[in-house]
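Asker: Output the structure for:
(2 chains)
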Amino acid sequence: AQSVTQLGSHVSVSEGALVLLRCNYSSSVPPYLFWYVQYPNQGLQLLLKYTSAATLVKGINGFEAEFKKSETSFHLTKPSAHMSDAAEYFCAVTRSGAGSYQLTFGKGTKLSVIP
Amino acid sequence: DGGITQSPKYLFRKEGQNVTLSCEQNLNHDAMYWYRQDPGQGLRLIYYSQIVNDFQKGDIAEGYSVSREKKESFPLTVTSAQKNPTAFYLCATTDYDFNQPQHFGDGTRLSIL
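Answerer: Now for the predicted structure:
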(Lines give C-alpha, C1' and ligand atoms only; values in the text may rest on other atoms or scores of the structure.)
Protein backbone atom coordinates (compact mmCIF):
# COMPACT_ATOMS: atom_id res chain seq x y z
CA ALA A 1 0.00 0.00 0.00
CA GLN A 2 1.19 3.48 -0.79
CA SER A 3 2.13 5.77 2.08
CA VAL A 4 3.80 9.12 2.66
CA THR A 5 5.95 10.32 5.54
CA GLN A 6 6.70 13.99 6.04
CA LEU A 7 9.61 14.52 8.41
CA GLY A 8 9.00 17.44 10.75
CA SER A 9 5.53 18.67 11.57
CA HIS A 10 6.88 22.20 11.96
CA VAL A 11 9.80 23.90 10.21
CA SER A 12 11.04 27.45 10.85
CA VAL A 13 13.34 29.37 8.52
CA SER A 14 14.53 32.94 8.32
CA GLU A 15 13.37 35.15 5.48
CA GLY A 16 15.78 34.66 2.57
CA ALA A 17 17.01 31.27 3.78
CA LEU A 18 16.68 27.94 2.01
CA VAL A 19 13.43 26.07 2.48
CA LEU A 20 13.65 22.26 2.63
CA LEU A 21 10.55 20.18 3.39
CA ARG A 22 11.05 16.43 3.42
CA CYS A 23 8.80 13.75 1.97
CA ASN A 24 9.45 10.03 1.72
CA TYR A 25 7.04 7.68 0.04
CA SER A 26 6.35 3.99 -0.04
CA SER A 27 4.93 2.56 -3.23
CA SER A 28 4.99 -0.82 -4.89
CA VAL A 29 4.57 0.75 -8.31
CA PRO A 30 6.09 3.83 -9.94
CA PRO A 31 4.38 6.63 -8.09
CA TYR A 32 2.76 9.87 -9.08
CA LEU A 33 3.66 12.44 -6.41
CA PHE A 34 2.28 15.86 -5.56
CA TRP A 35 3.01 18.77 -3.27
CA TYR A 36 0.16 20.99 -2.11
CA VAL A 37 0.12 24.18 -0.03
CA GLN A 38 -2.66 25.24 2.35
CA TYR A 39 -3.16 28.69 3.81
CA PRO A 40 -5.30 29.05 6.97
CA ASN A 41 -8.99 28.24 6.48
CA GLN A 42 -8.53 27.54 2.79
CA GLY A 43 -8.39 24.51 0.54
CA LEU A 44 -5.26 22.95 -0.90
CA GLN A 45 -3.48 24.46 -3.89
CA LEU A 46 -1.25 22.39 -6.15
CA LEU A 47 2.42 23.43 -6.06
CA LEU A 48 3.86 20.79 -8.38
CA LYS A 49 3.53 17.19 -9.51
CA TYR A 50 5.86 14.37 -10.53
CA THR A 51 4.58 12.06 -13.26
CA SER A 52 7.85 10.42 -14.42
CA ALA A 53 8.61 12.91 -17.20
CA ALA A 54 11.55 14.51 -15.35
CA THR A 55 13.08 13.93 -11.93
CA LEU A 56 13.44 17.64 -11.14
CA VAL A 57 10.05 19.27 -11.12
CA LYS A 58 9.50 23.01 -11.03
CA GLY A 59 6.34 24.40 -9.53
CA ILE A 60 4.70 27.69 -8.72
CA ASN A 61 6.05 30.40 -6.41
CA GLY A 62 9.67 29.34 -6.99
CA PHE A 63 9.33 25.89 -5.46
CA GLU A 64 10.83 22.75 -6.93
CA ALA A 65 11.15 19.10 -5.94
CA GLU A 66 13.46 16.29 -6.93
CA PHE A 67 12.31 12.69 -7.29
CA LYS A 68 14.99 10.26 -6.05
CA LYS A 69 13.93 6.68 -6.58
CA SER A 70 16.94 5.24 -4.72
CA GLU A 71 16.01 7.23 -1.62
CA THR A 72 12.21 7.02 -2.17
CA SER A 73 12.14 10.75 -1.58
CA PHE A 74 10.45 13.79 -3.08
CA HIS A 75 11.71 16.73 -1.03
CA LEU A 76 10.42 20.25 -1.67
CA THR A 77 12.86 23.16 -1.84
CA LYS A 78 12.94 26.89 -2.42
CA PRO A 79 16.23 28.82 -2.51
CA SER A 80 15.00 31.89 -0.65
CA ALA A 81 12.04 31.96 1.74
CA HIS A 82 9.52 34.78 1.60
CA MET A 83 7.09 35.76 4.32
CA SER A 84 4.21 34.76 2.04
CA ASP A 85 5.51 31.15 2.04
CA ALA A 86 4.29 30.66 5.61
CA ALA A 87 1.65 27.95 5.28
CA GLU A 88 1.14 24.21 5.68
CA TYR A 89 2.54 21.90 3.02
CA PHE A 90 1.31 18.42 2.14
CA CYS A 91 2.99 15.70 0.14
CA ALA A 92 0.71 13.13 -1.54
CA VAL A 93 1.08 9.94 -3.56
CA THR A 94 -1.45 8.42 -5.92
CA ARG A 95 -3.08 5.33 -4.53
CA SER A 96 -3.97 2.65 -7.05
CA GLY A 97 -6.44 -0.17 -7.01
CA ALA A 98 -9.68 -1.23 -8.67
CA GLY A 99 -9.36 1.48 -11.29
CA SER A 100 -9.77 4.26 -8.79
CA TYR A 101 -7.70 7.39 -8.43
CA GLN A 102 -7.15 8.37 -4.85
CA LEU A 103 -4.44 10.25 -3.02
CA THR A 104 -2.72 9.32 0.21
CA PHE A 105 -1.55 12.44 2.05
CA GLY A 106 1.24 12.98 4.52
CA LYS A 107 0.38 14.62 7.83
CA GLY A 108 1.68 17.98 6.70
CA THR A 109 4.53 20.32 7.60
CA LYS A 110 3.79 23.79 8.87
CA LEU A 111 6.33 26.31 7.61
CA SER A 112 7.04 29.45 9.60
CA VAL A 113 9.13 32.27 8.12
CA ILE A 114 10.93 34.53 10.57
CA PRO A 115 11.54 38.12 9.49
CA ASP B 1 -15.11 31.12 -13.57
CA GLY B 2 -14.36 27.41 -13.22
CA GLY B 3 -14.06 26.01 -9.77
CA ILE B 4 -15.38 24.16 -6.77
CA THR B 5 -17.84 25.78 -4.38
CA GLN B 6 -18.30 24.48 -0.86
CA SER B 7 -21.03 25.82 1.37
CA PRO B 8 -21.52 26.89 4.02
CA LYS B 9 -18.10 28.12 5.12
CA TYR B 10 -18.98 27.50 8.79
CA LEU B 11 -21.58 25.09 10.16
CA PHE B 12 -22.75 24.21 13.63
CA ARG B 13 -24.39 20.94 14.61
CA LYS B 14 -26.58 20.24 17.57
CA GLU B 15 -26.62 16.92 19.41
CA GLY B 16 -28.48 14.24 17.43
CA GLN B 17 -28.75 16.36 14.32
CA ASN B 18 -27.80 15.46 10.75
CA VAL B 19 -26.16 18.20 8.70
CA THR B 20 -25.38 18.37 4.99
CA LEU B 21 -22.34 19.99 3.43
CA SER B 22 -22.61 21.12 -0.16
CA CYS B 23 -20.00 20.68 -2.90
CA GLU B 24 -20.67 21.95 -6.43
CA GLN B 25 -18.20 21.99 -9.35
CA ASN B 26 -18.24 23.42 -12.86
CA LEU B 27 -14.94 21.90 -13.97
CA ASN B 28 -16.72 19.03 -15.71
CA HIS B 29 -14.62 16.56 -13.71
CA ASP B 30 -15.81 12.99 -13.37
CA ALA B 31 -14.39 12.15 -9.96
CA MET B 32 -15.25 13.86 -6.68
CA TYR B 33 -13.92 13.29 -3.16
CA TRP B 34 -14.64 14.24 0.43
CA TYR B 35 -11.84 14.55 2.98
CA ARG B 36 -11.77 15.26 6.67
CA GLN B 37 -8.89 17.32 8.07
CA ASP B 38 -7.93 17.35 11.74
CA PRO B 39 -4.89 19.20 13.13
CA GLY B 40 -1.73 17.15 12.68
CA GLN B 41 -3.59 14.34 10.90
CA GLY B 42 -3.35 15.34 7.27
CA LEU B 43 -6.34 14.60 5.05
CA ARG B 44 -8.35 11.42 5.42
CA LEU B 45 -10.67 10.16 2.70
CA ILE B 46 -14.34 9.82 3.64
CA TYR B 47 -16.08 8.96 0.35
CA TYR B 48 -15.37 9.27 -3.34
CA SER B 49 -17.35 9.01 -6.56
CA GLN B 50 -15.99 8.32 -10.01
CA ILE B 51 -19.27 8.57 -11.89
CA VAL B 52 -22.86 9.71 -11.39
CA ASN B 53 -24.99 7.37 -9.25
CA ASP B 54 -21.93 5.53 -7.94
CA PHE B 55 -19.75 6.17 -4.90
CA GLN B 56 -17.33 4.25 -2.70
CA LYS B 57 -16.37 4.34 0.96
CA GLY B 58 -13.00 5.76 1.83
CA ASP B 59 -10.95 5.17 4.96
CA ILE B 60 -13.29 6.79 7.49
CA ALA B 61 -16.83 6.49 6.08
CA GLU B 62 -18.62 5.54 9.32
CA GLY B 63 -21.11 8.19 10.37
CA TYR B 64 -21.19 9.85 6.94
CA SER B 65 -23.32 9.46 3.82
CA VAL B 66 -23.17 10.87 0.29
CA SER B 67 -25.11 10.97 -2.95
CA ARG B 68 -24.13 11.66 -6.57
CA GLU B 69 -27.28 12.37 -8.54
CA LYS B 70 -25.65 14.96 -10.79
CA LYS B 71 -22.13 15.23 -12.16
CA GLU B 72 -21.78 18.71 -10.68
CA SER B 73 -22.84 17.91 -7.13
CA PHE B 74 -21.57 15.63 -4.35
CA PRO B 75 -23.18 16.53 -0.99
CA LEU B 76 -21.91 15.02 2.25
CA THR B 77 -24.23 14.34 5.20
CA VAL B 78 -22.70 14.11 8.66
CA THR B 79 -25.10 11.95 10.61
CA SER B 80 -25.75 11.78 14.34
CA ALA B 81 -23.80 8.50 14.31
CA GLN B 82 -20.60 10.48 13.79
CA LYS B 83 -19.66 11.13 17.42
CA ASN B 84 -16.74 13.43 16.77
CA PRO B 85 -17.71 15.55 13.76
CA THR B 86 -15.74 18.69 14.62
CA ALA B 87 -13.27 19.09 11.74
CA PHE B 88 -12.50 20.91 8.51
CA TYR B 89 -14.12 19.19 5.52
CA LEU B 90 -12.67 19.48 2.03
CA CYS B 91 -14.20 18.54 -1.29
CA ALA B 92 -11.98 17.77 -4.29
CA THR B 93 -12.41 16.86 -7.94
CA THR B 94 -10.23 15.44 -10.69
CA ASP B 95 -10.31 14.34 -14.29
CA TYR B 96 -10.52 10.60 -14.67
CA ASP B 97 -6.80 10.20 -15.21
CA PHE B 98 -4.22 8.63 -12.96
CA ASN B 99 -1.68 11.45 -13.02
CA GLN B 100 -4.00 14.42 -12.82
CA PRO B 101 -3.99 16.43 -9.61
CA GLN B 102 -6.99 16.91 -7.42
CA HIS B 103 -8.53 20.38 -7.23
CA PHE B 104 -9.91 21.52 -3.88
CA GLY B 105 -12.70 23.72 -2.64
CA ASP B 106 -12.19 26.18 0.22
CA GLY B 107 -13.65 23.88 2.84
CA THR B 108 -16.40 23.85 5.46
CA ARG B 109 -15.58 24.05 9.15
CA LEU B 110 -18.04 22.04 11.24
CA SER B 111 -18.36 22.58 14.98
CA ILE B 112 -20.56 21.19 17.71
CA LEU B 113 -22.92 23.45 19.65
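
Asker: What's opposite the nearest residue to residue A:10 once chain neighbours are set aside in the beta bridge?
Answerer: Using C-beta to C-beta, 6 or more residues apart in numbering or on different chains and skipping residues adjacent in sequence, the residue nearest residue A:10 is residue A:110, 4.9 Å away. Just so you know, the C-beta spots here come from the backbone N, C-alpha and C atoms, and that holds for glycine as well. Under the criterion DSSP bridges, residue A:110 forms beta bridges with residue A:10, residue A:88.

Asker: Tell me the confidence at the residue of chain A at minimum distance from chain B?
Answerer: Here the residue of chain A nearest chain B is residue A:43; by C-beta to the nearest C-beta that distance is 3.5 Å. What the model reports as pLDDT for residue A:43 is 94.

Asker: what's the neighbour count on the closest residue to chain A within chain B?
Answerer: Of all residues in chain B, the one sitting closest to chain A is residue B:104 (3.5 Å; C-beta to the nearest C-beta). Residues within reach of residue B:104, counting by other C-beta atoms under 10 Å in any protein chain shown, total 23.

Asker: Run a quick neighbour tally on the residue of chain A closest to chain B.
Answerer: 20.

Asker: Of all residues in chain B, which one is nearest the centre?
Answerer: Chain B has residue B:34 as the residue nearest its centroid, 2.9 Å off, counting by C-alpha atoms, centre = their mean.

Asker: host element of that residue?
Answerer: Using DSSP states H and E, residue B:34 sits within strand B:31-38.

Asker: I'd like the next helix or strand past that strand.
Answerer: strand B:42-51.

Asker: now the strands for chain A?
Answerer: A:3-7, A:10-14, A:19-26, A:33-38, A:44-50, A:56-58, A:64-68, A:73-78, A:87-95, A:102-105, A:109-114 (DSSP state E).

Asker: Residue B:90 in helix, strand or coil?
Answerer: strand (DSSP: H, G, I helix; E, B strand; the rest coil).

Asker: about what we covered before: closest to residue B:10 out of the strands of chain A?
Answerer: strand A:33-38 (17.4 Å; C-beta to C-beta).

Asker: Which strands or helices does the closest one pack on?
Answerer: strand A:19-26, strand A:44-50, strand A:64-68, strand A:73-78, strand A:87-95 (3 or more C-beta pairs under 8 Å, 6 or more residues apart in numbering or on different chains; DSSP states H and E).
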